[in-house]
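**Q** Sequence and computational prediction follow.
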Amino acid sequence: MKMKLPLRNPILLCFMLAAAGMAIALKPALPTSEQLQAIDLQRIIPQTFSTWSTLSRADVILVNPQQQELLDSIYSQTLDRSYLDSKSGQVVMLSIAYGGVQSKQSQVHRPEVCYPAQGFQVSQSNKGQIDTSIGTVPVRRLLAVQSQRSEPITYWIRVGDSLAEGWIGQKIAVVKQGVSGQFADGLLFRTSTISADSSLSYEIQDRFIRDLLAALKPEDVPFLVGSLGKH
């Protein structure tokens, strides 16, 4: 005598097939080599703007808290510069790291993790925001200390079109982009100064960021801040 399968089995099978088909349909497309080559940090970020001008590497010691091997495995492009403000005489260090595809194995690393890995102690970590000409940019403030070096830090992370706040925010942004059928690229934007006065440093970094965003070509602003720069 033939056995009849419970009704729930074929229904479950239909749901599984539909889900599999949807997953294939929504699978985000990887960026092409042409798309990645079109992104040029050296072109996007000006060497001089407002009262800021680039210093040579010999003028200031830039410490990158990530090993070069790790940088090459995670990011498609990186940019490290130091800028001198002719108005105040202060120096701001800028670091931008761009990754074409965000995944579990390859994603933008947060400074809270990278700095301690290189011997720094992160004694502060607070949310902040910067009012700019394009809107309010949510940021994270850190204070990293190593021996006699005190380094106040301001940074944000863009994943896809979103500025991701926190580790969970990064994960949500990646999933959101995937569901929309687009790959999630990622960018870390970090400024820092060497100073024992963190309050003054954050004020200087905020002004640097405002001036930089105002100096960018309108079509390049979303590359740094996602949908916030799309007007």
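**A** Here it is on my side, so go on.

**Q** For the rest of this, base every contact and every neighbour count on C-alpha atoms.
**A** OK.

**Q** didn't Ile157 look like it was pressed against Pro138?
**A** No. The criterion here is CA atoms under 8 Å, and Ile157 misses it with Pro138 at 9.6 Å.

**Q** Overlap of the contact sets of those two?
**A** Common neighbours of Ile157 and Pro138 (criterion: CA atoms under 8 Å, 6 or more residues apart in numbering): Leu163, Glu165.

**Q** Counting neighbours around each, name which of the two comes out higher.
**A** Ile157 (30 against 17; other CA atoms under 10 Å).

**Q** How about the contacts made by that one?
**A** By CA under 8 Å, 6+ apart, Ile157 lies in contact with Val108, Leu163, Ala164, Glu165, Gly186, Leu187, Leu188, Phe189.

**Q** give me the number of residues near the third one?
**A** Burial of Ala164 is recorded as 21 neighbouring residues (other CA under 10 Å).

**Q** Now it, what are its backbone angles?
**A** The phi and psi values for Ala164, taken as degrees, to the nearest 10, are phi -90, psi 120.

**Q** Can you tell me how far it is from Gln205?
**A** Distance of Ala164 to Gln205, given as CA to CA, to the nearest Å: 20 Å.

**Q** One more: the fourth one?
**A** Applying CA to CA, the value for Glu165 to Gln205 is 19 Å.

**Q** what about these two, which has more around it?
**A** Higher neighbour count among Glu165 and Gln205: Gln205, with 26 against 19, using other CA under 10 Å.

**Q** Which secondary structure state is assigned to the more buried one?
**A** Under DSSP: H, G, I helix; E, B strand; the rest coil, Gln205 falls in the helix class.

**Q** Just the pLDDT for it.
**A** Note on Gln205: pLDDT of 98.

**Q** For Met93, which non-adjacent residue is closest in space?
**A** Excluding its sequence neighbours, the residue lying closest to Met93 (CA to CA, 6 or more residues apart in numbering) is Ser82, at 4.3 Å.

**Q** element containing the one you found, please.
**A** Following DSSP states H and E, one finds Ser82 within strand 77-85.

**Q** what does Leu213 give?
**A** Element membership for Leu213 (DSSP H and E) is helix 198-215.

**Q** Next SSE downstream of that helix?
**A** Using DSSP H and E, the helix or strand that follows helix 198-215 in sequence is helix 221-225.

**Q** if we look at the strand holding Ser82, which residues are touching it?
**A** Outside strand 77-85, the residues that touch it by CA under 8 Å, 6+ apart are 40-42, 51-57, 60, 62, 90-99.

**Q** is it true that Ala215 touches Phe49?
**A** Yes. Contact between Ala215 and Phe49 holds when scored by CA under 8 Å: they sit 6.4 Å apart.

**Q** List the buried residues in the helix holding Leu213.
**A** Neighbour counts over helix 198-215 (16 or more other CA atoms under 10 Å) mark 198, 201-202, 204-206, 208-214 as buried.
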